[in-house]
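K.L.:
All I have is the shape, not the residue letters:
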């Protein structure tokens, strides 16, 4: 539970945010915990869908803070490239026309866990004791 001063400020910030939504950004506070906020940030207007979609997957670029200098996970590279077989950027089951935008986003969401070290195929098995803890 947030201390009273923090709780007041969080409520005020959320109210201000919701009154004047920045372009391309929306969000809602978590119903069960005021300290959690779910946000959606829409990127630039450039369309990620290739002309031959759905025969080819959409173009995906994972963007983080620091202009790509911050890497939060081994699969999205600092350049924004996301290594997923579904996107044709990694070996394995590839894209098919039966896939959808939802399957792309769920695939990327599945990467976001507490132990990203083991999502990198090179690190599926910990070679050195403690390497995963050090990375994570």
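P.N.:
Looks like it arrived, so ask away. What you see is a predicted model; the values in this text were computed from it and never measured. Residues are numbered from 1 along each chain as shown.

K.L.:
Now for residue 9, how many residues are close by?
P.N.:
12 (other CB atoms under 10 Å). C-beta: built from backbone N, CA, C; applies to glycine.

K.L.:
and it, helix, strand or coil?
P.N.:
helix (DSSP: H, G, I helix; E, B strand; the rest coil).

K.L.:
Quick one: residues contacting it.
P.N.:
With contact set as CB atoms under 8 Å, 6 or more residues apart in numbering, residue 9 has no partners.

K.L.:
and if you look at residue 87?
P.N.:
Contacts of residue 87 by CB under 8 Å, 6+ apart are 57, 60, 95, 104, 107.

K.L.:
nearest to residue 3, of those?
P.N.:
Closest to residue 3 out of the contacts of residue 87 is residue 107 (38.9 Å), distances taken as CB to CB.

K.L.:
coming back round to it: out of the contacts of residue 87, who's the most crowded?
P.N.:
Highest neighbour count within these, by other CB under 10 Å: residue 57, with 23 neighbours.

K.L.:
Look up phi and psi at it.
P.N.:
phi -70, psi 160 (degrees, to the nearest 10).

K.L.:
pretty sure it is in contact with residue 104, am I right?
P.N.:
Yes - the pair residue 57 / residue 104 is scored as a contact, 6.5 Å apart, by CB atoms under 8 Å.
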